[in-house]
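> give me a 3D structure for the following:
(chains A and B)
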Amino acid sequence: EAQVTQNPRYLITVTGKKLTVTCSQNMNHEYMSWYRQDPGLGLRQIYYSMNVEVTDKGDVPEGYKVSRKEKRNFPLILESPSPNQTSLYFCASSLGLRAFFGQGTRLTVV
Amino acid sequence: QQQVKQSPQSLIVQKGGISIINCAYENTAFDYFPWYQQFPGKGPALLIAIRPDVSEKKEGRFTISFNKSAKQFSLHIMDSQPGDSATYFCAANNAGNMLTFGGGTRLMVKP
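Presented below is the predicted three-dimensional model:
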């Protein structure tokens, strides 16, 4: 089954404790991206990757890092999380103009 | 600054009624306009999309109307059903894969 898998689905952490949200896709897509979803703001792109070892900033990259060492994986790293990063996060991979989203990771930073 | 503005934020419609969600954009370089549907606990999924060279696209009960001169597009859901209750996002794309999303509309269809 074609899918984008994110882990964990839910995470509560404390300010400043480094965390990684993993994302994996099995569709061999070159383009992957991370979004955060906040009420009234829709989905805003954090980072994207056009291929292995090629990443770039989206609209709201501050406080986040990514890496793309393999085509299928695109982890999101928060090196020092802060409460304003409490949000619902989605990973997506794209074929042409169609994006396929994971099920989301709800992150709470206290 | 949101480049794609979506309204309303929430919408309640009776079963069998028409749901209408509107979006407006600023960037005239946008050339692809999809709508995504998101159910609770799930990621958004592509519902229907249109390019600016057509004024309307219909797929089943879902229709996109596009007005290039006004820089507006809308989603119409005919004969709305309780199963259509979800959050809907309009989006726009200009070259490459980067999508700019509207703020979302939470639709509730009452039985």
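
> switch to C-alpha atoms for all contacts and neighbour counts from now on
Fine.

> now do the buried residues in stretch B:6-14.
Of the residues in stretch B:6-14, B:Gln6, B:Ser7, B:Leu11, B:Val13 count as buried by neighbour count, 16 or more other CA atoms under 10 Å in any protein chain shown.

> next, the distance between the ends of it.
End-to-end span of stretch B:6-14 (CA to CA, to the nearest Å): 21 Å.

> name the residues that touch that stretch?
A:40, B:19, B:21-24, B:80, B:89-90, B:102-111 (CA atoms under 8 Å, 6 or more residues apart in numbering or on different chains).

> ditto for stretch A:25-32
Contacts to stretch A:25-32, defined as CA under 8 Å, 6+ apart, come from residues A:2-5, A:48-52, A:71-74, A:91-95, B:97.

> restricted to buried residues, select these in ChimeraX.
What follows is the ChimeraX syntax for the buried subset of the contacts of stretch A:25-32, where burial is set by 16+ other CA under 10 Å:
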select /A:4,5,48,49,50,51,52,71,72,73,74,91,92,93,94 /B:97
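
> out of the contacts of stretch A:25-32, which are inside strands?
A:Val4, A:Thr5, A:Tyr48, A:Ser49, A:Met50, A:Asn51, A:Cys91, A:Ala92, A:Ser93, A:Ser94, A:Leu95 (DSSP state E).

> beta partners for the fourth one?
The reference is to A:Ser49. Listed by DSSP bridges, the beta-bridge partners for A:Ser49 are A:Met32, A:Thr55.

> what does the first one give?
Counting by DSSP bridges, A:Val4 forms beta bridges with A:Gln25.

> and for the last one?
Following DSSP bridges, A:Leu95 is listed with bridge partners A:Arg98.

> A:Arg68: neighbour count?
The tally of other residues near A:Arg68 (other CA atoms under 10 Å in any protein chain shown) stands at 19.

> per-residue confidence at it?
pLDDT for A:Arg68: 97.

> now swap in B:Thr63 and tell me
At B:Thr63, pLDDT is 97.

> that one and chain A, how far apart?
Noted for B:Thr63: a distance of 18 Å to chain A, by CA to the nearest CA, to the nearest Å.

> now do the same contact list for that residue.
By CA under 8 Å, 6+ apart, the contact set of B:Thr63 is B:Glu56, B:Lys57, B:Leu75, B:His76, B:Ile77.
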